[in-house]
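>>> sequence plus the predicted model coming up.
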Amino acid sequence: AQSVTQLGSHVSVSEGALVLLRCNYSSSVPPYLFWYVQYPNQGLQLLLKYTSAATLVKGINGFEAEFKKSETSFHLTKPSAHMSDAAEYFCAVSDTGRRALTFGSGTRLQVQP
Amino acid sequence: EAQVTQNPRYLITVTGKKLTVTCSQNMNHEYMSWYRQDPGLGLRQIYYSMNVEVTDKGDVPEGYKVSRKEKRNFPLILESPSPNQTSLYFCASRGPGTSTGELFFGEGSRLTVL
């Protein structure tokens, strides 16, 4: 069974600082990996996805993530945080039959002025 | 506008009173799914449907029913709600061209069972 672990349920950064949200996965086969963002009172929006085409994936709003097979990681980064980045972020992996996405427990990002 | 629409967005009910949360998508997607979101647990799949008249259990199906009589609609039915079903529910869909599995989500339905 696939699983996703997000380290840190809450992360707080200053505006302009580097954002790093951690995600580790377990999968018996090469996975499809995703980062979603959830703004207050809204649904989940796809930030970016890894589909084996390139290990460094660029997404919307200046976010990117790097797939590292040796570390089974897919950490999300942004060089400079903005107040509007405050939200909850979820890492997810797709199962081989594409029947479901398995989500991590989420990381709430706070951006301090 | 392409969207997944859920209703109601907010609902407070009492134990045992049957309720239905509707989900409709206007993108002609074959795949639809229901998730529940609970603090510290992320999203967990309740049921999914690969196509019309084809449904299957996800990870947490107990206490829920679904039906898929037409492609656009995928209602979630709670026959006898209990307080442990208090949660935030999301409906999601995926088109046939999405080979990697990412989902398109509705805005969520917050359910409180007293």
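Looks like it came in fine. Numbering: from 1, shown residues only, chains lettered A, B, ... in the order given.
>>> can you pull the contacts of residue 92?
Just going to use chain A. A:V4, A:L33, A:F34, A:W35, A:Y36, A:L101, A:T102, A:F103, A:G104, B:L43 (Cβ atoms under 8 Å, 6 or more residues apart in numbering or on different chains). (C-beta placed from N, C-alpha, C; glycine too.)
>>> try again with chain B
Contacts of B:A92 by Cβ under 8 Å, 6+ apart are A:L44, B:V4, B:M32, B:S33, B:W34, B:Y35, B:L103, B:F104, B:F105, B:G106.
>>> what's the neighbour count on the fifth one?
Yep, that's B:W34 we're talking about. By the criterion of other Cβ atoms under 10 Å in any protein chain shown, B:W34 has 27 neighbours.
>>> now it: how far from A:Q45?
Look at B:W34 and A:Q45: by Cβ to Cβ, to the nearest Å, they are 18 Å apart.
>>> ok, B:Y89 next?
Plainly put, B:Y89 is 17 Å away from A:Q45 if you go by Cβ to Cβ.
>>> so if I had to pick from those two, which one is more boxed in?
Neighbour tally, B:Y89 and A:Q45, criterion other Cβ under 10 Å: the higher count belongs to B:Y89, 23 against 15.
>>> relative to chain A, which residue of chain B is the closest?
Here chain B gets closest to chain A at one residue, B:G101, 3.3 Å apart by Cβ to the nearest Cβ.
>>> okay, strands next: where are they in the chain?
Picking chain A for this. Using DSSP state E, the strands of chain A run over residues A:3-7, A:10-14, A:19-26, A:32-38, A:44-50, A:56-58, A:64-68, A:73-78, A:87-94, A:101-103, A:107-112.
>>> actually, chain B is the one I wanted.
Along chain B, the stretches classed as strands by DSSP E are B:4-7, B:10-13, B:19-25, B:31-38, B:42-51, B:54-57, B:65-66, B:76-78, B:87-94, B:104-105, B:109-113.
>>> neighbours around residue 1, how many?
The chain I'm using is chain A. 8.
>>> not what I meant, chain B
Counted by other Cβ under 10 Å, the residues lying close to B:E1 total 3.
>>> same check on the one 4 residues further on?
Under the neighbour criterion other Cβ under 10 Å, B:T5 is assigned a count of 15.
>>> which parts of chain B sit against chain A?
Chain B comes close to chain A at residues B:4, B:31, B:33, B:35, B:40-45, B:48, B:50, B:56, B:58-59, B:90, B:92, B:94, B:99-103, B:105-108, as judged by Cβ under 8 Å from any Cβ of the partner chain.
>>> redo that, cut-off 7 Å
Residues of chain B that fall close to chain A, judged by Cβ under 7 Å from any Cβ of the partner chain: B:33, B:40-43, B:45, B:48, B:58, B:90, B:100-103, B:105-108.
>>> any of these buried? List them.
B:33, B:42-43, B:45, B:48, B:58, B:90, B:100-103, B:105-106, B:108 (16 or more other Cβ atoms under 10 Å in any protein chain shown).
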